[in-house]
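Undergrad: one predicted model, sequence on top.
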Amino acid sequence: MESSHDLAARPTVSAQELCMTAVMTALVFLATFVPHIPIPLGYAHLGDAVIFLFALLLRRRDALFAACVGSALSDVLGGFALWALPTLVIKFLMVEVVCCVAGSAPGTARTAAAFLASSLWMAAAYTAFGALLYASVAAGLASAPGLLMEGVVNTAVALLVLPALRRLRH
């Protein structure tokens with residue numbers, strides 16, 4: 001049985017924080033699920049642009065949860081359940097890459113580098129998981145061009161939207 005001291009030491013989450021995280025998760029899901037653009041082994045989408053923005057503008061734990069759960073939910077509901085577990089790992093590390101490379105006071109060049117590094121990780125990881133899941137390096141590599149293009153498009157979208165979101169916050 002836990003003592004009252006153990007319970008008091010746990011971080012609490014307010015109802016407002018819980019609701020905001022749910023909304024963020026839904027936004028990642030929608031941006032991933034709705035613009036379904038078929039590519040080999042999966043689909044391209046705009047969800048990563050939302051993930052990039054959340055990684056910069058929100059608390060890390062909220063961005064991580066929204067990125068992982070929103071993206072994995074899109075895989076499950078979109079008929080790609082096989083990809084849900086790899087997606088959880090890939091999106092978690094995408095947020096971490098953005099947070100680490102961009103730092104706490106990112107400039108435009110550093111932000112672009114963070115988004116591109118995260119996109120390269122995403123493309124490499126999905127390519128590797130594709131080769132593993134389909135037992136074919138050729139199958140994994142077939143998705144690489146679409147994934148790289150997705151990364152470039154999501155980076156561009158996030159960089160275009162970021163200044164407006166920063167103005168809204170201040």
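TA: Good, I have the coordinates.
Undergrad: now do stretch 89-102: distance to the chain's middle.
TA: 8 Å (C-alpha atoms, centre = their mean, to the nearest Å).
Undergrad: and the residue lying closest to I90 once chain neighbours are set aside, helix, strand or coil?
TA: Distances taken as C-beta to C-beta, 6 or more residues apart in numbering place A125 nearest to I90, at 4.6 Å, with adjacent residues excluded. Backbone N, C-alpha and C define where each C-beta goes, glycine included. Taken by DSSP: H, G, I helix; E, B strand; the rest coil, the conformation at A125 corresponds to helix.
Undergrad: surely A125 and V89 touch.
TA: Yes. In this structure, A125 is within contact of V89 by C-beta atoms under 8 Å, at 7.5 Å.
Undergrad: tell me which other helices or strands whichever strand or helix holds R61 touches.
TA: Assigned by DSSP states H and E, R61 belongs to helix 60-77. When contacts are defined as 3 or more C-beta pairs under 8 Å, 6 or more residues apart in numbering; DSSP states H and E, helix 60-77 sits against helix 15-33, helix 47-57, helix 84-102.
Undergrad: give me the average confidence score over that helix.
TA: Helix 60-77 comes out with an average pLDDT of 97.
Undergrad: looks to me like T12 is in a strand.
TA: No. Applying three-state DSSP, one finds T12 to be coil, outside a strand.
Undergrad: what comes up buried for the longest helix anywhere in the chain?
TA: In the chain, assigned by DSSP state H, the helix with the most residues is helix 137-169. Along helix 137-169, these residues count as buried under the neighbour rule (16 or more other C-beta atoms under 10 Å): 139-140, 142-144, 146-148, 150-151, 153-155, 157-159, 162.
Undergrad: stretch 122-136 too?
TA: 122-123, 125-131, 133-134.
Undergrad: next one: stretch 72-89
TA: For stretch 72-89, by 16+ other C-beta under 10 Å, it's 72-75, 78, 80, 83-84, 86-88.
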